[in-house]
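Engineer: Quick one, structure for this:
(2 chains, ligands or ions: 2)
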Amino acid sequence: MLLEVANLCVSYGAVTAVSGVSLGVREGSIATVLGANGAGKSSLLRAIMGLTPATGEVRFAGEAISRWPAARRVAAGIAMVPEGRRILVSLTVEENLLMGAYPRHDRQIAADLDNIYDLFPNLARRRHAPGSVLSGGEQQMLAIGRAMMARPKLLLMDEPSLGLSPLFVREVFQLIRRMNADGLSILLVEQNTRLALQTAADGYVLRLGACVAAADTATLARSDDLMHAYLGGAHAAPTVHGP
Amino acid sequence: MFAQQLMNGLMLGGIYALVAVSFTLTIGILNFLNFSIPALFMLGGVVSCALLAAGVPAVGAAAGALAATGLASLLVERCTFRWLSTSDPHIPLVSSLGFLIFFENLVLVYFGSDAVGYPSPFARASVKVSDLTVSLPQTGGFLLALVLVALCYVLLKYTKLGRGLRSIAESPAIAEMLGVKVGWTVSSVYLVSGLLAGIGGILFGISYLQVSWDMGSEVALKGVSAMVLGGMGNVWGAVLGALIIAVIEVMTIAYLNSEAVNVFVYGLLLVIIAFCPRGLLGDRVKMAERM
Ligand SMILES: Nc1ncnc2c1ncn2[C@@H]1O[C@H](COP(=O)(O)OP(=O)(O)OP(=O)(O)O)[C@@H](O)[C@H]1O
Ligand SMILES: [Mg+2]
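Structural biologist: Numbers count the residues shown, from 1 in each chain, chains lettered A, B, ... in the order given. Ligands and ions are numbered 1, 2, ... in the order given. Model (predicted):
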């Protein structure tokens, strides 16, 4: 296991957002966390990143990191594409990408920047424009590129398809598969249950902050009851064995 | 005569500019009006004065004064910015005001209420250029102020630390997610801001040959006005505002009436703000974008 989370709890004052969640991400695999609005998915990712106070155990690459500040976790190889993209609109596209490499001190940063530009020609064209001029889809590409600039071992993605056109959603998921094929481990939070189950190997279902199901995605996809009960029927598709 | 006054005004403007940029950094990056800056300015002047008077060589006196202002600024940070995120935003404001009064009165107790002569090692060195008297320490101080402001600009605009600072200006949460050590970086803002004010205080002593416990208040008021006049959060705006205010101040004293100085300076400020509320170099863009 690259990432192991045991008995993680997050609360905001009196509100408990995550209560006793345990999960794991195998090295080189994609795991997905599913759940309705307010189930605690973002809180879970933010706690793994060290951005919100939490109790419980987080182990990354064999080390107990629960007490590490976020900067140290980034340096150790965890990066995040946050919900709503959250690019820095007052910085240029290139500065956003360079911010992704903030904890790095090696000499490969310029080369990695070129690779990102090869991957996203739209970003290359606007490298000196402020982040605010990008479209929603381009902002998502920038958020992903920014995370890749950290050279992570594990990427936490919070609803990367949110608010994107179907075309961009397809592109984002292709990218996720490609990055995974290159060896990146990914923990994916998604409301698009069908796509997430097709893309990930392992799945966890959160409900009101607790983990109510954990299984490989093929098994999860077959349990219609579960999908209907916790995720709402609309998202759960009976046939999942797509491309 | 006019050229002489203009030059005197610009020299004074250099000192105002350091204070204005000192304010601008904490406002622009941390969105925090640090009321303790006048005290840091004063500490720079008074501590270097005391060290010089005690026979410490000039370099040592300057280093000692900057160490004092730097430490004082970090002390203020401990008790202000750390509370910003977790409490009522007025508490850090009041807390920094408390530091201003505390430091000023600490110095009042030790040095007394009278202005003290500044034993400048450069004294009154000056050269004559046709009928202009050019004070060498003032000119040096003015150039140093411009160089420091330019360095601040380059730091913010072109360095990794500068990108981190601008990220914090936009969103401390995102900066943290990207691996910026936000606490450490915020301390560096306070340190740089405090050192600029402290250097301003030393230059004030060297230029006007006296320091006092309340020397910061008047200068800081001009510094804040310069910042607002130039456009909040904009380093070059702060410099422009500082030069304009200082020149008007000196011209008013020379040609009108020294009693009327603040009527003119602040009257003009209010007129410009009325027509141009975002300052001369300000626009509708967010502060961070301009830095
Ligand atoms: N900063 C906060 N302060 C207080 N309560 C919060 C905060 N952030 C989240 N919550 C609450 O915690 C619970 C879980 O929120 P969270 O954002 O983790 O859910 P989510 O599964 O990501 O939801 P969504 O699908 O809408 O993104 C919700 O009840 C939410 O209202
Ligand atoms: Mg969420």
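Engineer: Would you confirm that A:Thr32 contacts A:Ala200?
Structural biologist: Yes. If you go by CB atoms under 8 Å, A:Thr32 and A:Ala200 touch, sitting 3.7 Å apart. Placement of C-beta: from N, CA and C, glycine included.
Engineer: In the stretch 51-200 of chain B, what residue lies closest to chain A?
Structural biologist: B:Gly179 (3.3 Å; CB to the nearest CB).
Engineer: So which bits of stretch B:181-191 are buried?
Structural biologist: Within stretch B:181-191, the residues that count as buried by 16 or more other CB atoms under 10 Å in any protein chain shown are B:181-182, B:185-191.
Engineer: For it, C-alpha coordinates in PDB please.
Structural biologist: Provided in PDB are the C-alpha atoms of stretch B:181-191 (Å, rounded to 0.1, in the frame of the first residue of the first chain):
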ATOM      1  CA  LYS B 181       5.500  26.900   4.300                       C
ATOM      2  CA  VAL B 182       3.000  29.700   4.900                       C
ATOM      3  CA  GLY B 183       4.000  30.400   8.500                       C
ATOM      4  CA  TRP B 184       7.700  30.800   7.600                       C
ATOM      5  CA  THR B 185       6.900  32.900   4.500                       C
ATOM      6  CA  VAL B 186       4.600  35.200   6.500                       C
ATOM      7  CA  SER B 187       7.400  35.800   9.000                       C
ATOM      8  CA  SER B 188       9.700  36.800   6.100                       C
ATOM      9  CA  VAL B 189       7.100  39.400   5.000                       C
ATOM     10  CA  TYR B 190       7.200  40.900   8.500                       C
ATOM     11  CA  LEU B 191      11.000  40.700   8.600                       C
END
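Engineer: So which residues make contact with it?
Structural biologist: Contacting residues not belonging to stretch B:181-191 are listed as A:69, A:71, B:25-26, B:29-30, B:34, B:70, B:73-74, B:76-77, B:81-82, B:161, B:164-165, B:168, B:172, B:175-176 [CB atoms under 8 Å, 6 or more residues apart in numbering or on different chains].
Engineer: quick one on the thing from earlier: now the residue of the stretch 51-200 of chain B closest to chain A: how far from ligand 2?
Structural biologist: Using CB to the ion, to the nearest Å, we find B:Gly179 at a distance of 21 Å from ligand 2.
Engineer: For that residue, which non-adjacent residue is spatially closest?
Structural biologist: Spatially, and ignoring its direct neighbours in sequence, B:Gly179 is nearest to A:Val74 (3.3 Å; CB to CB, 6 or more residues apart in numbering or on different chains).
Engineer: quick one, what contacts that neighbour?
Structural biologist: A:102-103, A:150, A:152, B:177-179.
Engineer: what does chain A put close to chain B?
Structural biologist: Within chain A, the positions lying close to chain B (CB under 8 Å from any CB of the partner chain) are A:49, A:51, A:69-71, A:74-75, A:80, A:82, A:86, A:88-91, A:95, A:98-100, A:102-103, A:130, A:146, A:150.
Engineer: So which of these belong to helices?
Structural biologist: When the residues of chain A next to chain B are checked against helices (DSSP state H), the matches are A:49, A:70-71, A:74-75, A:95, A:98-100, A:146.
Engineer: now, which of these sits nearest chain B?
Structural biologist: A:Val74 (3.3 Å).
Engineer: just to revisit the earlier point, out of the buried residues of stretch B:181-191, flag the one nearest to ligand 2.
Structural biologist: Checking the buried residues of stretch B:181-191 against ligand 2 with CB to the ion, the nearest one is B:Val182 at 22.3 Å.
Engineer: what's the distance between that closest one and B:Glu176?
Structural biologist: 5 Å (CB to CB, to the nearest Å).
Engineer: Kindly report the same for A:Ile144.
Structural biologist: Distance of A:Ile144 to B:Glu176, given as CB to CB: 19 Å.
Engineer: Next: B:Ala68.
Structural biologist: 31 Å.
Engineer: Helices along the stretch 151-291 of chain B, start to end?
Structural biologist: B:160-170, B:172-177, B:182-208, B:215-230, B:235-255, B:261-275, B:287-290 (DSSP state H, counting those that start in this stretch).
Engineer: residues in contact with the first one?
Structural biologist: Contacts of helix B:160-170 with the rest of the structure, by CB under 8 Å, 6+ apart, involve A:88-91, A:95, A:98-99, A:102, B:28-31, B:154-156, B:174-175, B:178, B:180, B:182, B:185-186, B:188-189, B:286-288, B:291.
Engineer: Just the buried residues out of these, in ChimeraX syntax.
Structural biologist: Buried subset of those, written as a ChimeraX selection, criterion 16+ other CB under 10 Å:
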select /A:88,89,90,91,95,98,99,102 /B:28,29,30,31,155,156,174,175,178,180,182,185,186,188,189,287,288,291
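Engineer: Residues of chain B that sit close to chain A?
Structural biologist: Neighbours of chain A within chain B, by CB under 8 Å from any CB: B:160, B:163-164, B:166-167, B:169-171, B:173-181, B:286, B:288-289.
Engineer: is it true that B:Phe103 touches B:Val46?
Structural biologist: No. Look at B:Phe103 against B:Val46 with CB under 8 Å: they stay out of range, at 9.5 Å.
Engineer: who has more neighbours, these two?
Structural biologist: It is B:Val46, of B:Phe103 and B:Val46, that has more neighbours when counted by other CB atoms under 10 Å in any protein chain shown, with 29 against 23.
Engineer: Tell me the confidence at the more buried one?
Structural biologist: We have a pLDDT of 95 for B:Val46.
Engineer: Next one: it from B:Leu66, what distance?
Structural biologist: In this view, B:Val46 and B:Leu66 are 13 Å apart by CB to CB.
Engineer: which ones are touching the residue nearest to the spatial centre of chain A?
Structural biologist: Centroid check for chain A by CA atoms, centre = their mean gives A:Met157 as the closest residue, at 1.2 Å. Neighbour list for A:Met157: A:80-81, A:144, A:176, A:186-189 [criterion: CB under 8 Å, 6+ apart].
Engineer: Equivalent analysis for A:Gly145, please.
Structural biologist: Neighbouring residues of A:Gly145 by CB under 8 Å, 6+ apart: A:97, A:100, A:116, A:119-120, A:123.
Engineer: ok, for it, nearest residue in space, not its chain neighbours?
Structural biologist: Excluding the flanking residues, the one nearest A:Gly145 by CB to CB, 6+ apart is A:Ile116, at 4.3 Å.
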